[in-house]
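Trainee: okay, here's the prediction I keep looking at, along with the sequence it came from:
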Amino acid sequence: MKVVKKIDCAGTNLNIYDVPVGIMVSGGVDSAILLYYLMKYHTKPIFIFTEGNNVKLRKNGIIAPRVVEKCIQLTKNINVFHHINYNIETTLESLYEKPRFAVRDFGPIRIVYEGLTMNPPNDIAENLAPELDFEHTRNTDGNNDLFHSDNKFYMPWANTDKKGIAKMYREENLIDTLLPVTRSCEYDQNIEFFDDIKNPGLGHCGECWWCKEREWAFK
Ligand SMILES: [Zn+2]
């Protein structure tokens, strides 16, 4: 597997490989911009993986195809295959199940891209929605590994926070095109925090940690 191009994405490097690749797309801003760059620069087939779950009313399964469609319009690349599966709830295991299966058995897929970013600086991250727990594993020290699982998974944004992602949207003029079809909200009717917050449907609740992170990045 050879790196055929290195793309400068508003200061963050993105490797483009000479093999068919996979990518995990949730419909959020991070994976959407990664898909956009891949579709713009990668010339071999791209296999897209999305999981919708009943707990979150399968919203990822509705939003992600809109992101794919917008990326097709923007890049004119139709050499993509979108695999959507559904589950009762999404766990780390379920999320990786299909991509891992693909890497193992589809043969030509040698690597799967993931749009995971670094958290905002701690003092900001802790105050975005203090009553709500957030993902602490996204270290802010800039020393996160870009690869995992025997180098089969590649996370090019692992040392870039959402402000870096916002810069990419601006650099590629995607603020009025791709950004509006993405969704970052993690509204969950089963968690007490959301009891007094209006169900945003497919929009943004504006109150959860992920809505606040997006606001912080793009303001
Ligand atoms: Zn929200």
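Mentor: Now that the structure is in, tell me what you want to look at.

Trainee: show me what from the protein comes close to the ion.
Mentor: 185, 205, 208, 211 (CB under 5 Å from the ion). Where C-beta positions appear, they are placed from N, C-alpha and C, glycine not excepted.

Trainee: and the closest residue to the second one other than its chain neighbours, what does it touch?
Mentor: Looking back up the chat, that one is Cys205. Leaving aside its sequence neighbours, Cys205 sits nearest to Tyr187 (CB to CB, 6 or more residues apart in numbering; 4.5 Å). For Tyr187, the contact set (CB atoms under 8 Å, 6 or more residues apart in numbering) comprises 56, 194, 197, 199-200, 205, 208.

Trainee: hmm, back to that, would you mind putting the residues of the chain next to the ion into TSV with pLDDT alongside?
Mentor: Conversion of these to TSV gives the following (pLDDT from 0 to 100):
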residue	pLDDT
Cys185	94
Cys205	95
Cys208	93
Cys211	95
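
Trainee: residues of the least confident helix or strand in the chain by mean pLDDT that come out buried?
Mentor: Among the helices and strands of the chain, helix 92-105 carries the lowest confidence by mean pLDDT, DSSP states H and E, at a mean of 82. Judged by neighbour count using 16 or more other CB atoms under 10 Å, the buried positions of helix 92-105 are 95-96, 98-100, 102-103.

Trainee: ok, of the residues you listed, which one's closest to Pro130?
Mentor: Comparing the buried residues of helix 92-105 against Pro130 with CB to CB picks out Leu95 as the nearest, at 26.8 Å.

Trainee: so which strand or helix has the closest residue in space to that closest one that isn't next to it in sequence?
Mentor: With sequence-adjacent residues excluded and distances taken as CB to CB, 6+ apart, Leu95 is closest to Glu51, at 5.7 Å. Secondary-structure element containing Glu51, defined by DSSP states H and E: strand 46-53.

Trainee: what do you get for Lys163?
Mentor: Per DSSP H and E, Lys163 falls inside helix 162-171.

Trainee: what's the answer for Pro156, then?
Mentor: Pro156 is part of no helix or strand, with elements assigned from DSSP H and E.

Trainee: for Asp8, give me its contacts.
Mentor: Under the criterion of CB under 8 Å, 6+ apart, the contact list for Asp8 reads Leu14.

Trainee: compute the inter-axis angle for the helix or strand harbouring it and helix 162-171.
Mentor: Under the criterion DSSP H and E, the helix or strand holding Asp8 is strand 3-9. Interaxial angle of strand 3-9 relative to helix 162-171 (axes from the mean of the first three to the mean of the last three CA atoms, to 10 degrees): 90 degrees.

Trainee: using CSV, list the CA coordinates for strand 3-9.
Mentor: Output for strand 3-9, consisting of C-alpha atoms alone and laid out as CSV, is shown next (Å, rounded to 0.1, in the frame of the first residue of the first chain):
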residue,chain,number,x,y,z
VAL,A,3,0.8,6.8,-0.3
VAL,A,4,0.2,8.4,-3.7
LYS,A,5,-0.7,11.9,-2.5
LYS,A,6,-0.3,14.0,0.7
ILE,A,7,-3.1,16.6,0.9
ASP,A,8,-2.7,19.7,3.0
CYS,A,9,-6.1,20.2,4.6
